[in-house]
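Engineer: model the structure of this input:
(one chain, ligands or ions: 3)
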Amino acid sequence: MAYAQLFSCHFYCQDSWLSSPVLVASEVFRQSRGSSFLSWNSNTKKNHRRIFMNMQADRASKAIHASELKIPHVLTVAGSDSGAGAGIQADLKACAARRVYCSTVITAVTAQNTAGVQGVDVVSEEFVAEQLQSVLSDMHVDVVKTGMLPSPGIVKVLCQSLRKFPVRALVVDPVMVSTSGDMLASPSVLAGFREELLPMADILTPNIKEASVLLGGVPLQSVSDMRSAAKLIRDMGPRNVLVKGGDLPDSLDAIDVFFDGKSFYEMHSSRVNTRNTHGTGCTLASCIAAELAKGSSMLQAVKVAKRFIETALDYSRDIVIGNGVQGPFDHFLALKNISQSSIRQDRFNSNDLLLYAVTDAGMNRKWDRSIADAVKAAIEGGATIVQLREKEAETGDFLDAAKVCLKICRSYGVPLLINDRIDVALACDADGVHVGQSDLPVSVARTLLGPDKIIGVSCKTPEQAQQAWISGADYIGCGGVYPTNTKENNRTIGLDGLKAVCLASKLPVVAIGGISPSNARSVMEIGAPNLKGVAVVSALFDRECVLTETRNLHALVIEAAAALTK
Ligand SMILES: Cc1ncc(COP(=O)(O)OP(=O)(O)O)c(N)n1
Ligand SMILES: Cc1nc(C(=O)O)sc1CCOP(=O)(O)O
Ligand SMILES: [Mg+2]
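Structural biologist: Ligands and ions are numbered 1, 2, ... in the order given. As a prediction, this is how the structure comes out:
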């Protein structure tokens, strides 16, 4: 109540915060006829105030509810894998990757790595029950997914909890044997599975070995065997069965058989040639649970989950984690493009601003060289950061050029930024962008690019410089320090303007506009510690030899920077 009243004043003062004016209006109407109104028995000020406060508190709490975002929620009941490839850890990653909230009830802790399972510590059934009670009594769980259920007692308390707190769907991955061949559930668990859990399941996802164990040891050697198994297993109670054929011998594709009681569906995906398959079973079941939690049909959930696994395995085919035979894969599809040379230690090092080369297509055309040759020559001459500023390029051409230049920059460890075009930066995974005051705002660029990319912003005034810091920019480009022919109608702010911008911000600053070997030293010597370098277009690229010009300017700015630190 104290919480609601605290908010009531706030919401009262700022009705614009309320997410639904219609709801608020109807709520006030309801309140005026409702319980608060009935308790009105005198005209005392005290009563009036109490009723008013109640109304406001109720309005506030209703408004909070109206603006609530309901996040699909999966609860996984499974074992922990210390190597984080499978189990609870895989379930968390799969749900996060599929944008679904995941809570966890841990049934066992395993000491596990890419070589196998070295130890298992089973959690007591009482403590599993306590975890289940904690989560299910408080959080709105849409779907429960089960993995390693190592004792019959744990199966029992799980079924009791599910009867007490029914959920929309139950996904059962009958984990019995790890992919490395280690037993993860005692044979006595099987009885509990058959008697209690399977009849409650909306889908059961055994692999070939597990399907065989469930059927008393019959071998499964073909898709036709998998169909028969799916039918027989469905007779044990689950409403749907997915028999996973990844281990089927002599098959080029990974074929799974889905049976919903009426129809069989053979689901084919290409077999990805990789050692990194540890945790695919847990991940598949979690993805199915996640899609069901979002409201998908069972068939659609299975299809999406299978496609997700195929893509994740493909993205992870070459990553190396651990020395064992079976490695984990990358649920976030983010590691594919990482090569040793592209793992930069710092997200942004302000010393990279020392000699900032900004490209210009017109100048390259005039001197008859490709953008790739221009960038390579600038880097070899000493450019410490490169910006592609291709004002007239078609989007596709810009992207192609960016990809080529990115390869060159990565091979030298020099960051590559894209001028204005966040879409192009995203598409080629450049190191960042440079935006101006009339481009997409820095805060929006940050949301789109994420925390790791470099974002620079142009500032001509101290106010803009202060805002740059607030918005989350990494550096400021400040100019035009001198008149320039490269950018039309550009306002010149001079060395004084540059100094005022530097003093107004904590951010590192790079000076731009009309800078050349003849004036670079004066720029560097303005006496602002956060002025980190010069950005140059024509003095590098509107010249016959980019390499020579960059070398000369580099020597000069290095000397000026060194003199300042003395
Ligand atoms: C390093 C650096 N500083 C300033 C600019 C200018 O950016 P902007 O104001 O967006 O103008 P355009 O370059 O887009 O014409 C820059 N590009 N780089
Ligand atoms: C792209 C750009 N931005 C500027 C600014 O003042 O923000 S001046 C400029 C052009 C700089 O080219 P050059 O080195 O050939 O003068
Ligand atoms: Mg711009």
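
Engineer: remind me which residues of the stretch 251-400 of the chain are low pLDDT?
Structural biologist: When residues are selected by pLDDT under 70, those of the stretch 251-400 of the chain lie in 251-252, 337-346.

Engineer: now the strands for it?
Structural biologist: Counting by DSSP state E, counting those that start in this stretch, the stretch 251-400 of the chain has strands at residues 253-259, 264-270, 355-358, 385-388.

Engineer: what does the stretch 1-150 of the chain give?
Structural biologist: Using DSSP E, counting those that start in this stretch, strands in the stretch 1-150 of the chain cover 73-81, 101-113, 116-122, 143-146.

Engineer: re earlier: now the strands of the stretch 251-400 of the chain in CSV, with mean neighbour count and distance to residue 102?
Structural biologist: Just so you know, the C-beta spots here come from the backbone N, C-alpha and C atoms, and that holds for glycine as well. As requested, the strands of the stretch 251-400 of the chain are arranged in CSV below (neighbours: other CB atoms under 10 Å; distance: least, CB to CB, whole Å):
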stretch, mean neighbour count, distance to residue 102
strand 253-259, 21, 23
strand 264-270, 15, 24
strand 355-358, 28, 44
strand 385-388, 28, 40
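
Engineer: distance to residue 545 added to these, as JSON lines?
Structural biologist: As requested, those are exported to JSON lines (distance: least, CB to CB, whole Å):
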{"stretch": "strand 253-259", "distance to residue 545": "56"}
{"stretch": "strand 264-270", "distance to residue 545": "50"}
{"stretch": "strand 355-358", "distance to residue 545": "14"}
{"stretch": "strand 385-388", "distance to residue 545": "17"}
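
Engineer: want to throw those into JSON lines with distance to ligand 2?
Structural biologist: Formatted as JSON lines, the strands of the stretch 251-400 of the chain follow (distance: least, CB to the nearest ligand atom, whole Å):
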{"stretch": "strand 253-259", "distance to ligand 2": "52"}
{"stretch": "strand 264-270", "distance to ligand 2": "47"}
{"stretch": "strand 355-358", "distance to ligand 2": "6"}
{"stretch": "strand 385-388", "distance to ligand 2": "9"}
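
Engineer: distance of the closest residue to residue 431 other than its chain neighbours from ligand 1?
Structural biologist: In space, and not counting its chain neighbours, residue 431 is closest to residue 415: 4.0 Å by CB to CB, 6 or more residues apart in numbering. From residue 415 across to ligand 1, the span is 12 Å (CB to the nearest ligand atom, to the nearest Å).

Engineer: kindly provide the distance from residue 415 to residue 121.
Structural biologist: The gap separating residue 415 from residue 121 is 47 Å, by CB to CB, to the nearest Å.

Engineer: so for the two, which sits in the more crowded spot?
Structural biologist: Between residue 415 and residue 121, residue 415 has the larger neighbour count (other CB atoms under 10 Å), namely 24 against 11.

Engineer: please determine how far that one is located from residue 393.
Structural biologist: Distance of residue 415 to residue 393, computed by CB to CB: 20 Å.

Engineer: what about the closest residue to ligand 3 within the stretch 51-200 of the chain, how many neighbours?
Structural biologist: Nearest residue of the stretch 51-200 of the chain to ligand 3, counting by CB to the ion: residue 99, 32.2 Å away. Neighbours of residue 99 under the rule other CB under 10 Å: 10.
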